[in-house]
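*Asks:* below are the sequence and a predicted model; questions follow.
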Amino acid sequence: MFVDKKTGVHLVLTGAPGTGKGTQAGVLKRELGLCHLSAGEMLREEIRKGTEIGKKLEPLLAKGNFAPDELIIEMVSKRIAQSDCDKGFILDGFPRTVLQAEALDEMLIERDIKLDAVIEIVVPDNIIIERILGRYTCVKCGENYSDKFYKPEVAGVCDVCGGTEFSKRIDDTCETIEKRIQKYRDVTYPTIKYYEQKGLLEKVDGNGNVGVVAERIAKVIGQRNAEIC
């Protein structure tokens with residue numbers, strides 16, 4: 001189903017909030033054995049731990065704002081240097097700005113790594129809003145679910161780890177969702193053009209159930225690998 005490369009697979013999943021990046025990254029992690037690097041989850045972990053960084057971030061994220069570029073770049077740089085990323089990784093929620101994209105280029109050059117693809121998951125705004133308002137996460141393993149679009153097979157029990165405790169993000173409100181969608185268009189969409197010019201961008205229709213979208217992404221990865229080989 002998926003590619004097999006000795007050098008590993010290195011992907012960026014991008015798209016507006018609520019397009020399913022985290023869910024699809026989870027599928028890829030299980031199928032390919034890749035490291036899933038969620039910038040948002042890393043930041044929320046700082047908040048959960050009550051660190052100094054977390055205290056500064058909490059009011060920003062609660063209002064739908066992005067974290068400062070310098071902080072995100074530093075966090076990601078340290079994370080991809082860890083041994084569990086040696087077989088490849090999926091970046092989810094990073095880069096969010098052209099500055100971050102340029103910084104990622106530098107990180108990868110230093111490690112002699114090349115991106116296989118930047119996959120933009122595309123979903124209409126009305127579906128995005130519906131998805132985000134109904135989404136929740138397993139506290140134990142971080143698996144993403146949705147009240148309508150992706151429920152656990154057994155109600156109240158995580159399919160991945162068997163956890164029974166779930167949480168919703170504090171910033172998942174109509175007001176902050178609309179703000180984040182607009183911010184994506186203003187701040188993050190230029191990265192789409194950036195990667196398009198580099199010949200790395202692939203667009204995938206994010207409508208449909210998790211399995212259907214995963215198959216579309218798998219097809220894109222397979223095609224990219226065939227072109228490289």
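*Replies:* Arrived safely, thanks for sending.
*Asks:* okay, CA-based contacts and neighbour counts for the rest of this
*Replies:* Will do.
*Asks:* quick check: residue 194 touching residue 97?
*Replies:* No - taking contacts as Cα atoms under 8 Å, residue 194 lies outside contact range of residue 97: 9.9 Å.
*Asks:* higher neighbour count, these two?
*Replies:* Taking other Cα atoms under 10 Å, residue 194 and residue 97 do not tie; residue 97 has more neighbours (20 against 16).
*Asks:* report the contact partners of the nearest residue to that one once chain neighbours are set aside.
*Replies:* Closest residue in space to residue 97, ignoring its immediate chain neighbours: residue 188 at 5.1 Å, by Cα to Cα, 6 or more residues apart in numbering. Each residue near residue 188 by Cα atoms under 8 Å, 6 or more residues apart in numbering is listed here: 95, 96, 97, 98.
*Asks:* contacting residues for the last one?
*Replies:* Applying Cα under 8 Å, 6+ apart, we find residue 98 in contact with 188, 190, 191, 194.
*Asks:* can you rerun that using 7 Å?
*Replies:* With contacts defined as Cα atoms under 7 Å, 6 or more residues apart in numbering, residue 98 is in contact with 190, 191.
*Asks:* gap between the residue nearest to residue 97 and residue 101?
*Replies:* 10 Å (Cα to Cα, to the nearest Å).
*Asks:* same thing with residue 116?
*Replies:* As judged by Cα to Cα, residue 116 and residue 101 stand 15 Å apart.
*Asks:* neighbour count winner among the two?
*Replies:* The neighbour comparison of residue 116 against residue 101 (other Cα under 10 Å) goes to residue 101, with 20 against 17.
*Asks:* excluding its backbone neighbours, what's nearest that one?
*Replies:* In space, residue 101 is closest to residue 95, 5.2 Å off (Cα to Cα, 6+ apart).
*Asks:* SS state for that neighbour?
*Replies:* Following DSSP: H, G, I helix; E, B strand; the rest coil, residue 95 is assigned to coil.
*Asks:* that one against residue 102, yeah?
*Replies:* No - using Cα atoms under 7 Å, residue 95 makes no contact with residue 102, being 8.7 Å away.
*Asks:* neighbour count: the two, which is higher?
*Replies:* Neighbour count, other Cα under 10 Å: between residue 95 and residue 102, residue 95 has more, with 23 against 13.
*Asks:* which phi and psi does that one have?
*Replies:* The phi/psi pair for residue 95 (degrees, to the nearest 10) reads phi -80, psi 150.
*Asks:* mind checking how far it is from residue 155?
*Replies:* 34 Å.
*Asks:* residue 37: what's it in contact with?
*Replies:* 89, 90, 91, 92.
*Asks:* which of those count as buried?
*Replies:* Buried members of those, counted by 16 or more other Cα atoms under 10 Å: 89, 90, 91, 92.
*Asks:* which strands and helices lie in contact with the helix ranked longest in the chain?
*Replies:* Ranked by residue count and defined by DSSP state H, the top helix of the chain is helix 210-228. Contact partners of helix 210-228 among helices and strands, from 3 or more Cα pairs under 7 Å, 6 or more residues apart in numbering; DSSP states H and E: none.
*Asks:* part of a helix, is the residue nearest to residue 97?
*Replies:* Yes - using three-state DSSP, the assignment for residue 188 is a helix.
*Asks:* show me what secondary structure element comes after the least confident helix or strand in the chain by mean pLDDT.
*Replies:* Counting by mean pLDDT, DSSP states H and E, the chain has its least confident helix or strand at helix 52-62, which shows a mean of 79. Sequence order places helix 69-80 as the next helix or strand after helix 52-62, per DSSP states H and E.
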